[in-house]
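K.L.:
Below: sequence and its predicted model.
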Amino acid sequence: MKKYSLIIALCLFVGTTLAQEIDNQKMEKDLKVAQTVLNSLVNDSNSRHWSNDSRDKQTQYIEGYGVILSLPKNHIFGFAFAPEMPPMPDISDAIAKSFEVIEDIQIDIDDEELEAEARAEMEKERAERREELALRQAELEKRAAVAMERAQFKIKEMDSMREGKVMENTENVIDFLLDYGHLISQLKDSDKILVMEKGRDVNFYSNAGRVERLKINRLSVEAEVKDLRAFQEGEIDREEAKSRIVVNEKKEVKPLEKDITLFQTILKRLYARDLSDTYYLNGGMPHEQIDGLGVIFYMDMVSSVRAGNESWNVPTQDKENLSQEERDKLIKSMYPTFEEELKSNIIEYGKNVSSLANTEQLIFKVGITRCEGCEIPESIELQVKGKTFNELKSGKLTENQAVKEIKVVKGDLQ
């Protein structure tokens, strides 16, 4: 009897393991539906907030973490105003007269033979002009004060509108998670759904400073999948489910740990135009740090510079004046080397990364240089667990073994 029980238990375990395999096509479909629903609930029917670039996905599934959805930021802080300014006084006449006074003063200094009566008359005129200018100055200051008061009122009004919009969007996101989060059906109970406020250029930035500004005071709403399922199955009521959802409205940017910052600096240098042998970085290597997940790095890789209407230069290969066909053939041939070298460099120079927990990850979202018809991916994503770095550092893994631990997710072929 025990033998049969063991067999049944093993069958159940195998069935559970197989059930946890992710159907990528279904996941992609679920994420697109979720994105559309979220977009509708935040009353953002204008598609300009959502990038159509397939390399710039707003919604993403990350194994071991869950799903990240993007809430467009522009519609929250997109208010603009120009305070109504009071009409400014015409001081052109006063300025002209002041120049006359200055001219009279110069004459007064140069001509020592002016009579006392003339001097007195000129002094009187100068005093009148000074008084007139002082009155005009006071009028200007008064009008400026009125303009400032109106501007401050507008700012307060704008802040109130912003706060109201944030509250409204937060409630909409919470409703989305409770009522529609279960539609992403393949997630595990231990996974999370994170809705995070971003811009349309979430994945591939060209300005690292802009990334840092976007991350300040960013709205994010996070829910555990197990709590959402408990609500859907009636185990907890709506108020209890809402109380378990975490809302962050004003979360300051947390700096990277020194070991990860150094690692980032090394990779940026390795893939600079003068050192890389394949593709090179366009711009910086911006990042996002998410509690419980780890760090996401964004790398926009390019390969060539147009030399004219019909020719290309490939700096890393010292090739110039290539035709489109020659350029594409060369770019295609470099891709396998680029992918393998990137994985190797991540492991080789990541040996000193020790601040990641075993369950955290370093994720590299890489946009591949444009090469239409080359049948190379338009993007790749590399995921490395903190456990891999920790075991590499302790000697439990060799570099070759660690490279095999990297999960690679490739985008559509170009």
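P.N.:
Yes, it's here.

K.L.:
rest of the way, CA atoms for contacts and neighbours
P.N.:
Fine.

K.L.:
What about the closest residue to Arg273 other than its chain neighbours, how many residues nearby?
P.N.:
The spatially closest residue to Arg273, leaving aside those adjacent along the chain, is Tyr280, at 5.3 Å (C-alpha to C-alpha, 6 or more residues apart in numbering). The tally of other residues near Tyr280 (other C-alpha atoms under 10 Å) stands at 26.

K.L.:
quick one, what contacts Tyr280?
P.N.:
Listed by C-alpha atoms under 8 Å, 6 or more residues apart in numbering, the contact partners of Tyr280 are 271-273, 301-303, 316.

K.L.:
Distance check, it against Val409.
P.N.:
Distance from Tyr280 to Val409, counting by C-alpha to C-alpha, to the nearest Å: 20 Å.

K.L.:
Tell me the backbone dihedrals of Lys410, please.
P.N.:
Main-chain dihedrals, Lys410, degrees, to the nearest 10: phi -100, psi 140.

K.L.:
which non-adjacent residue is nearest Val366?
P.N.:
Leaving aside its sequence neighbours, Val366 sits nearest to Met299 (C-alpha to C-alpha, 6+ apart; 4.7 Å).

K.L.:
and Arg298, that one's in a strand?
P.N.:
In this structure residue 298 is Tyr, not Arg. Yes - looking at Tyr298 with DSSP: H, G, I helix; E, B strand; the rest coil, it is inside a strand.

K.L.:
my guess is it contacts Gln289, does it?
P.N.:
No - using C-alpha atoms under 8 Å, Tyr298 makes no contact with Gln289, being 11.6 Å away.

K.L.:
which one of those two has more residues nearby?
P.N.:
For Tyr298 versus Gln289, the count of surrounding residues by other C-alpha under 10 Å is larger for Tyr298: 23 against 16.

K.L.:
Find the nearest non-adjacent residue to that one, please.
P.N.:
Spatial nearest neighbour of Tyr298, chain neighbours left out: Lys365 (5.0 Å); criterion: C-alpha to C-alpha, 6+ apart.

K.L.:
hey, what's that neighbour bridged with?
P.N.:
As for beta bridges, Lys365 partners with Tyr298, Glu381 under DSSP bridges.

K.L.:
okay, now it: neighbour count?
P.N.:
For Lys365, using other C-alpha under 10 Å, the count is 23.

K.L.:
Okay, strands next: where are they in the chain?
P.N.:
According to DSSP state E, the chain carries its strands in the segments 60-62, 66-72, 192-198, 220-224, 246-248, 280-281, 287-290, 294-302, 305-306, 312-314, 319-322, 361-367, 379-385, 407-410.
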